[in-house]
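K.L.:
Fold the following and give me the result.
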Amino acid sequence: MPITSSNWQELVVPGISKAFYIGYGRRPSQIDALYNVQTSSRANEILLGIGNIGSDGWADFEKTGHTQYASFARGYKFTSTHVEFARGIQIQRKLVDDDQFNVINQRSRQLGDSAFRFRETCAACVFNNAFTASGTDAWGFGIAGSDAVALASASHPRNPDDAATTDSNTSNITLTAAHVGTVRTNMMAFKDDTGDKLNVMPDEVLVPPELEDSALIALRSNQDPVSANNAVNPQSGRFTVRVWHYLTSTTNWFMMDSGRRSEALQWFERVPLEFGPDSLDRDTMILKMNAYMRFSRGFSDWRWVYGAGA
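P.N.:
Take a look at the predicted model:
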């Protein structure tokens, strides 16, 4: 089919779109691996926490013959407001006439790669700002959690009605097998809003590339990496090691309970990433291709993670 001003848009759009998604899919995303990804049909999502059920009251049935029904204390409210994001490229008609499809596809792949990097950077901000107590990030998302302190903090209020009692999920220690054991013990001592010990089971360690080797030595070695006596490394096989290129600190690392993480770390897709023609200026014969997405992210609780670093 000869290229004319009326059909060249239809001829190039499928190829440009294919190239965009090739660029977007070059590297597996950590968003699906770490976040509880959900769809949304509202301007924002509001999650209202409720208190846990204490372990007391079970023995009352034997004494009274009646079941004791639990009451729930109020928890913290987490509001996730969706934000719009868009970026585009322009394709000149002369590039099509001159058979410069390699240039066209390269531009499209670069935009897809940019979209991927933007989403990963935005998602990683939860961890990159984990030790920051207030403010918003570069895209307007709140940094603090629903309890108004940092994700990794030594002063998490126990509940809204008992803010004076605090708990910690952070310490200033390096990534070693011994320190992994210390953090694991600290996590398994996490308490709920009633003061009861939670059933926290740490099974993941998240690190930047600079700490990947240290993580593998500390968590995959069968023997204690600092012992010459073939002592057993008790951390071996306990954890999945996750490496994220978008973590900005070279010393911070995070231990997580994957089950509780999947409940608390939220990503809402209001409009999933889409790519397509925006408009064709027939005066200049320039085709505009637009990528658009709308989402929000955040965390509704902190009892799934422990932040550490030197």
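K.L.:
Now the residue lying closest to N36 once chain neighbours are set aside: which helix or strand?
P.N.:
Distance criterion C-beta to C-beta, 6 or more residues apart in numbering; nearest residue to N36, sequence neighbours excluded, is S262 at 5.0 Å. Every C-beta, even on glycine, is put in place using the N, C-alpha and C of the backbone. Using DSSP states H and E, S262 sits within helix 258-264.
K.L.:
ok, now E10?
P.N.:
Using DSSP H and E, E10 sits in helix 8-24.
K.L.:
What residues of whichever helix or strand comes after that helix count as buried?
P.N.:
Using DSSP H and E, the helix or strand that follows helix 8-24 in sequence is helix 31-34. By 16 or more other C-beta atoms under 10 Å, the buried positions in helix 31-34 come out as I31, L34.
K.L.:
Sheet-wise, list the partners of the next helix or strand after helix 31-34 with their directions.
P.N.:
Once the chain leaves helix 31-34, the next helix or strand it forms, by DSSP H and E, is strand 36-39. Here strand 36-39 has these sheet partners by DSSP bridges: strand 265-281 (parallel).
K.L.:
Run through who's touching stretch 139-152.
P.N.:
If you take C-beta atoms under 8 Å, 6 or more residues apart in numbering as the criterion, stretch 139-152 is touched by 47, 49, 76-78, 83, 85, 122, 125-127, 129-137, 155-157, 169-170, 254, 296-302, 305-308.
K.L.:
quick revisit: so how far is the helix holding S262 off the chain centroid?
P.N.:
From the chain centre to the centre of helix 258-264 is a distance of 11 Å (C-alpha atoms, centre = their mean, to the nearest Å).
K.L.:
Can you give me the buried ones in it?
P.N.:
Quick answer for helix 258-264 (16+ other C-beta under 10 Å): S258, R260, R261, A264.
K.L.:
With distance to P234 and pLDDT as added columns, please give the residues you listed in JSON lines.
P.N.:
Shown next, in JSON lines, are the buried residues of helix 258-264 (distance: C-beta to C-beta, whole Å; pLDDT from 0 to 100):
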{"residue": "S258", "distance to P234": "20", "pLDDT": "97"}
{"residue": "R260", "distance to P234": "22", "pLDDT": "95"}
{"residue": "R261", "distance to P234": "23", "pLDDT": "96"}
{"residue": "A264", "distance to P234": "27", "pLDDT": "92"}
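K.L.:
Out of these, which is nearest to G57?
P.N.:
For the buried residues of helix 258-264, the residue nearest G57 by C-beta to C-beta is R260; the value is 23.7 Å.
K.L.:
Export stretch 64-80 to CSV, keeping only CA atoms.
P.N.:
Provided in CSV are the C-alpha atoms of stretch 64-80 (Å, rounded to 0.1, in the frame of the first residue of the first chain):
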residue,chain,number,x,y,z
THR,A,64,-19.3,-19.0,82.3
GLY,A,65,-20.7,-21.3,79.7
HIS,A,66,-20.9,-18.4,77.3
THR,A,67,-18.8,-17.4,74.4
GLN,A,68,-17.0,-14.0,74.8
TYR,A,69,-17.3,-11.9,71.7
ALA,A,70,-14.4,-9.7,70.7
SER,A,71,-14.6,-6.0,70.4
PHE,A,72,-12.3,-4.1,68.0
ALA,A,73,-10.4,-0.9,68.8
ARG,A,74,-10.1,1.8,66.1
GLY,A,75,-7.0,1.7,64.0
TYR,A,76,-5.2,4.2,61.7
LYS,A,77,-6.7,5.4,58.4
PHE,A,78,-4.7,5.1,55.3
THR,A,79,-5.7,7.2,52.3
SER,A,80,-4.2,6.5,48.9
